Each structure stands twice: as structure tokens, then as C-alpha cells.
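Peer 1: the following block contains a protein sequence and its predicted model.
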Amino acid sequence: MQPGFKIKIKTNLMGNPYLFQSLTRTFFIMLLAAICLLNPGNTFAGDKRAKINVASLAQTITGTISDASSGKPLPGASITVLGQKQRTLSDANGSFSIEVPGASSVIEITYIGYATQQITVGTTTQLEITLQPNSADLAQVVVVGYGTQNKRNVTGAV
């Protein structure tokens, strides 16, 4: 630049209506984007659709598992939510606690020597489960030191 030469930049937004409209439009778009990002449910006051919080549908089920004939607790019974990865075992008192995704969830209770039972959770959060002995399955199993064999496959001493 030559000495004595000055550049003056004067911006008059009102003098240029296209620039003013463009900046105004950009401002409102950015404002709307910020509102959408900061609103956790992405809902607005006029939105009449029902919003369901999936986390609120999950519930914790507690209960006890016992033998149907003696009433004694069954420690180590397996409780599984069908179709999910949630699993737990009953403690020494037969008590358990497991989180299920919703009221339509089905839990399966298994214990060696007892019939498997499936229960739809529904709205209850406390279960008292009694398992029926199933000794027919145990009569066909022979336990060996390194694995198991069916009774019909064993021909000699084990």
C-alpha cells in the first residue's frame, strides 16, 4: 500500500437487504439447531405424540425359589431373561434379583433335577417360585470323573 492511502470498510447491513436477510436466516437456523440439540427429548410444546422413556420400562424382579414338595430354598438355581443376556443365580437362601426390560419379559428358571419353569413377568416385582422335582431326567445320567455318559451307553464299570 502507498503511504497516505487509507481503506475504510463500512458495513451497513440495512443498506444491503440481501445480506441482512441472509444473516437473519442463518441466525435463526443456528438458533433452531441449538434448541434441537439442547432439548433432550427432542420434543416441543406443540408435540402431541407420546414419548416413551425406554429406561423407565425396565424393572427389577426379586424373589425366592424353593422346592415344591419340601419348601426348602434352592441355592444356585439359574434365572435367565429369555432373548436377553441378563442372567443370575439364586443365593444360599434361594433369593434372587434380576433386571428385566419390560412387563412382557419372560424369565426361565432351571435347576438340576427339577422341571424348567417359564414365567411372564407382568407388573409384579416380587415372585415366589416353586419348582417341581423331575427325577426322570436324573435316572438316565451317570456321572463319571471326566464327563457324563447316558446310562444306556455305559456297558461296564465306570
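Peer 2: Yes, it's here.
Peer 1: can you pull the pLDDT of T60?
Peer 2: Looking at T60, its pLDDT stands at 90.
Peer 1: for P133, what are its contacts?
Peer 2: Counting by C-beta atoms under 8 Å, 6 or more residues apart in numbering, P133 makes contact with D67, A68, S69, G113, Y114, A115. Yep, even glycine has a C-beta here, placed from its N, CA and C like the rest.
Peer 1: separation between the fourth one and A92?
Peer 2: What that stands for is G113. 18 Å (C-beta to C-beta, to the nearest Å).
Peer 1: neighbour-wise, which of these two wins?
Peer 2: More crowded of G113 and A92, by other C-beta atoms under 10 Å: G113, with 14 against 8.
Peer 1: these two touch, right, that one and S135?
Peer 2: Yes. The pair G113 and S135 passes the contact test of C-beta atoms under 8 Å, sitting 6.7 Å apart.
Peer 1: tell me the mean pLDDT for stretch 118-136?
Peer 2: In this model, stretch 118-136 carries a mean pLDDT of 87.
Peer 1: using PDB, write down the CA coordinates of it.
Peer 2: The C-alpha coordinates for stretch 118-136 follow below in PDB (Å, rounded to 0.1, in the frame of the first residue of the first chain):
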ATOM      1  CA  GLN A 118     -41.000 -70.100  32.400                       C
ATOM      2  CA  ILE A 119     -42.800 -67.100  33.900                       C
ATOM      3  CA  THR A 120     -44.100 -63.900  32.200                       C
ATOM      4  CA  VAL A 121     -43.100 -61.000  34.500                       C
ATOM      5  CA  GLY A 122     -46.100 -58.800  34.000                       C
ATOM      6  CA  THR A 123     -46.500 -55.900  36.500                       C
ATOM      7  CA  THR A 124     -45.300 -57.900  39.600                       C
ATOM      8  CA  THR A 125     -41.900 -57.200  41.100                       C
ATOM      9  CA  GLN A 126     -41.800 -60.000  43.800                       C
ATOM     10  CA  LEU A 127     -42.000 -63.600  42.800                       C
ATOM     11  CA  GLU A 128     -42.300 -66.800  44.900                       C
ATOM     12  CA  ILE A 129     -41.400 -69.700  42.600                       C
ATOM     13  CA  THR A 130     -41.700 -73.400  43.500                       C
ATOM     14  CA  LEU A 131     -40.100 -75.900  41.200                       C
ATOM     15  CA  GLN A 132     -41.400 -79.500  40.800                       C
ATOM     16  CA  PRO A 133     -38.900 -82.300  41.100                       C
ATOM     17  CA  ASN A 134     -38.200 -84.100  37.800                       C
ATOM     18  CA  SER A 135     -36.300 -87.300  38.800                       C
ATOM     19  CA  ALA A 136     -36.900 -88.900  35.400                       C
END
